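K.L.:
missing the sequence, but the structure's below:
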DNA sequence: GATAAAAACCCCCTTTTGGGGGTGCCAAAG
DNA sequence: CTTTGGCACCCCCAAAAGGGGGTTTTTATC
């Protein structure tokens, strides 16, 4: 075993991608065969690169990293995706793992963890960096997790729609929307819409 | 001229700091004499490091980068601060430059721009990366800029306080708060509080 | 086949917000 | 010396949100 692992990095921070390329190269375990700074760039070259591992940032300039992850795993099932992001929010981790990622690293993890993670994922394992591992092991009740409908509702509330507008948009009774809104306030422990929006954005629930 | 420039990096993303250290070293123009992953870490060693340039991320885990920049420039006026961050928001750039930074780089700038920036700032110039330079040159009317009172108000609104609560907190008439609230909605082009909070957070006005 | 959770719906009543107007004071910039 | 912008204040009234209670159906999961 232990042949060199081919890696592609997708992240819009050129400083990070350039630095990481050097680091991986110097490590001897992996080689960066491609770098993309957006989903589009990646889409154009991935078929040619065909890496073993794809390091993916969730905050891409042109589309949601979660969406892109879903797209990649269905088009290229042999390419393992290792999320490498700034967020350590339960919601983000869970969403990207549900969409086909094989691992999750936060950017302030140790550099060695990146190497360990790449090797683990290349061997078919699922890898979570220490910090995220702890996060996922916490009892489920303490985590913020919303149903599909609730997330949809939250998005529309954050966009500033009133109950009646939301009702018209998704063909439901305004009373139903009111119910969801109240429940969201309760679930997220928000006093009013202002705090609700704040929590939604901070926890990347949208 | 052209002696090697001593640089310190303050950023909590260890992957970025490690990569950047290698990049700067390889460039031959600068040397990383210290790395800190938090304001506290930096505070403990800066007196010993005494670099020419300090690369500073605004989103530190333990305190606001803007505050920390202010602190550093007053304590160590000879150390030039070059902000290196993810944000290209007018408000963030303006605030950090007002607090003593000598330059501003966004993380998705070209790696070469970092080198150019470091050299420029070391020569006593003010350096803005291309993207930010364009941003600052845009006519002032198109930029979001709030007065001190307005920012204070916005913070309290985002925290979920009602007009009456804010009034009680800062000893003003509830009608005054109402006036500010209306004006904020107008200035930021928000339809209601939900959108106001969203814009405030996204543009880092708080 | 029970249990639980999500989804959709309803009423009463109070508080808060938002849209529209308006006033006056003071300091800095032109 | 006038204009502009920040700051503080006021009224009316309609719309929206929030606090409290409730019901039913469907859809998983055990």
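P.N.:
Here it is on my side, so go on. Keep in mind that what you see is a predicted model, and the values were worked out from it rather than measured.
K.L.:
got phi/psi on residue A:200?
P.N.:
Phi and psi for residue A:200, reported as degrees, to the nearest 10, are phi -60, psi -50.
K.L.:
so how many other residues sit close to it?
P.N.:
By other C-beta atoms under 10 Å in any protein chain shown, the residues close to residue A:200 number 26. In this view, the C-beta of every residue, glycine as well, is placed from N, C-alpha and C.
K.L.:
which residues does the closest residue to chain B within chain A contact?
P.N.:
Ranked by C-beta to the nearest C-beta, the top residue of chain A for proximity to chain B is residue A:19, at 1.6 Å. Taking C-beta atoms under 8 Å, 6 or more residues apart in numbering or on different chains, we find residue A:19 in contact with B:15-16, B:18-23.
K.L.:
now for the closest residue to residue A:64 other than its chain neighbours, how many residues are close by?
P.N.:
Spatial nearest neighbour of residue A:64, excluding adjacent residues (C-beta to C-beta, 6 or more residues apart in numbering or on different chains): residue A:58 at 7.4 Å. For residue A:58, the neighbour count with other C-beta under 10 Å is 24.
K.L.:
how near is residue A:58 to residue B:198?
P.N.:
Separation of residue A:58 from residue B:198 (C-beta to C-beta, to the nearest Å): 19 Å.
K.L.:
likewise for residue A:36?
P.N.:
Residue A:36 is 29 Å from residue B:198, where distance means C-beta to C-beta.
K.L.:
over to residue A:37?
P.N.:
Distance, residue A:37 to residue B:198, by C-beta to C-beta: 26 Å.
K.L.:
more neighbours: the two, which one.
P.N.:
The neighbour count for residue A:37 versus residue B:198, taken as other C-beta under 10 Å, is higher for residue B:198 (23 against 19).
K.L.:
so which strand or helix has that one?
P.N.:
Element membership of residue B:198 [criterion: DSSP states H and E] is helix B:193-202.
K.L.:
how far does that helix sit from its chain's centre?
P.N.:
19 Å (C-alpha atoms, centre = their mean, to the nearest Å).
K.L.:
count of residues packed around the closest residue to residue A:24 other than its chain neighbours?
P.N.:
Counting by C-beta to C-beta, 6+ apart, residue A:24 lies nearest to residue A:30, which is 4.6 Å off, once chain neighbours are set aside. Other residues lying near residue A:30 total 24 when counted by other C-beta under 10 Å.
K.L.:
then residue A:176?
P.N.:
By other C-beta under 10 Å, the residues close to residue A:176 number 15.
K.L.:
residue A:7 now?
P.N.:
A count of nearby residues for residue A:7, using other C-beta under 10 Å, gives 26.
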